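Undergrad: requesting a structural model of the entry that follows:
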Amino acid sequence: MQIFNKKFESFLFLKGLQPVTVLGHLTGINRIIKRVKNNDFDEFVIDLYKSNFSYSHKSSQVKTIEYYLEFMGRDKKFCRQRKPRPLLKETLSEAEINCLMLSCKNIREKAILSLLSYSGVRPKELCNIKISDLNIGEKTLFVNLGKGMKDGFVEISSRCIKTILEYLSSYNQQNDDYLFKTIYGKKYNQNALRKLVKVLARRAKINKRVYPYLLRHSFATNMINRGAHILYVKQQLRHSWLETTMRYIHSNIIKETNERFLPQYC
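TA: Presented below is the predicted three-dimensional model:
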């Protein structure tokens, strides 16, 4: 089994997949193989599609099977179920994010939360930021190998820059160091980030499920609420497709637009 995992791992890396994706497929195929009877993957996929698992779980499981079958020399593509229309996500208002900011007990916590809130970067991207990725003068942040192995720039506000400068003046770090580290001096990770955001929400007494990615959703929604052009928001979020950004135009924004622009008849 160990030899198989190594060979399959090499096959996945040669596909250009990132390490975390490779690990997910390795874990997934080892779990799937134990459940497949008589090497009948068709039956497994049928049962999977009948189940109540989420669309993303079903899709990732099927993708794992397709990679495995290709690796075994049995190329096969399965049809995907229709993707359900994404539900509107609950976001945090500017007032709630201010409460999170005020709940920070030190400059390190505030710097992490500020960059997450003001830049719209994904949690994994935040953990990979190095000091050299920041351009203080231009007020920009270079996102290296973001989602889909894509690089990109995002703008950050003067307030965020001020907080980061105060943070950097308190910690002796080199230019090629990661911007944020754990209290043990290791690279900051998503588990630590999730714990921090959860603690801040508890301190701020916010009665919602608050998690790092929610700050990205809130960043986009609050920008649109302030009148930002959808194309600018797309650029800030580094979306490949405008349709992805459009989901942040929530029903309440549409309702406000109707109230403002619909003609008034007697």
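Undergrad: for Leu115, what are its contacts?
TA: Neighbouring residues of Leu115 by CB atoms under 8 Å, 6 or more residues apart in numbering: 121, 126, 129, 141, 156, 160, 164, 179. All C-beta atoms are positioned from the backbone trio N, CA, C, and that covers glycine.
Undergrad: quick check, nearest of those to Leu242?
TA: Taking CB to CB as the measure, Leu242 sits nearest to Val121 out of the contacts of Leu115, at 19.7 Å.
Undergrad: host element of the nearest residue to Ser93 once chain neighbours are set aside?
TA: Nearest residue to Ser93, sequence neighbours excluded (CB to CB, 6 or more residues apart in numbering): Asn222, at 7.3 Å. In the assignment (DSSP states H and E), Asn222 maps to helix 212-225.
Undergrad: and for Ile46?
TA: Using DSSP H and E, Ile46 falls in helix 41-50.
Undergrad: all helices for the chain, in order.
TA: Remark: helices assigned in the chain by DSSP state H are 2-14, 19-35, 41-50, 55-71, 94-102, 107-119, 123-127, 158-170, 190-203, 212-225, 230-237, 242-246, 251-261.
Undergrad: out of those, nearest to Arg80?
TA: helix 55-71 (6.2 Å).
Undergrad: quick one: mean pLDDT over that closest one.
TA: Mean per-residue pLDDT for helix 55-71: 92.
Undergrad: quick one: list the elements packing against that helix.
TA: Helices and strands touching helix 55-71, by 3 or more CB pairs under 8 Å, 6 or more residues apart in numbering; DSSP states H and E, are helix 2-14, helix 19-35, helix 41-50.
Undergrad: closest to Val233 out of the ones you listed?
TA: Val233 lies closest to helix 19-35 among the helices and strands packed on helix 55-71, at 26.4 Å (CB to CB).
Undergrad: tell me the pLDDT at the residue nearest to Leu12 when sequence neighbours are not counted?
TA: Once flanking residues are discounted, Leu12 sits nearest to Val22: 4.5 Å by CB to CB, 6+ apart. On the pLDDT scale, Val22 is placed at 91.
Undergrad: ok, now the one 3 residues further on?
TA: In this model, His25 is scored at 93, pLDDT.
Undergrad: would you agree it is in contact with Thr64?
TA: Yes: in this structure, His25 is within contact of Thr64 by CB atoms under 8 Å, at 4.8 Å.
Undergrad: circling back to that earlier point, what is the helix holding Ile46 packed up against?
TA: For helix 41-50, the packing partners by 3+ CB pairs under 8 Å, 6+ apart come out as helix 55-71.
Undergrad: now the helix it packs on and helix 2-14, what's the angle there?
TA: With axes from the mean of the first three to the mean of the last three CA atoms, to 10 degrees applied, the angle from helix 55-71 to helix 2-14 works out at 110 degrees.
Undergrad: what does helix 55-71 rub up against?
TA: Against helix 55-71 from outside (CB under 8 Å, 6+ apart): 7-8, 11-12, 15, 24-25, 28-29, 32, 41, 44-45, 48-49, 51, 53, 75-78, 80-81, 83-84.
Undergrad: swap in stretch 192-203?
TA: For stretch 192-203, contacts defined as CB under 8 Å, 6+ apart pick out 100, 103-104, 109, 112-113, 116, 123, 126-127, 182, 208, 210-212, 215.
Undergrad: can you pull the contacts of the closest residue to Leu242 other than its chain neighbours?
TA: In space, and not counting its chain neighbours, Leu242 is closest to Lys234: 5.7 Å by CB to CB, 6+ apart. Residues near Lys234 by CB under 8 Å, 6+ apart: 242, 244-245.
Undergrad: report the buried members of those.
TA: Neighbour counting with 16 or more other CB atoms under 10 Å marks Thr245 as buried within the contacts of Lys234.
Undergrad: domain ranges for this protein?
TA: The chain breaks down by automatic domain parsing into domains covering 2-71, 94-253.
Undergrad: for Ala228, give me its contacts.
TA: Residues counted as contacts of Ala228 (CB under 8 Å, 6+ apart): none.
Undergrad: where does the protein have low pLDDT?
TA: Residue ranges of the chain with pLDDT under 70: 1-3, 85-89, 145-150, 249-266.
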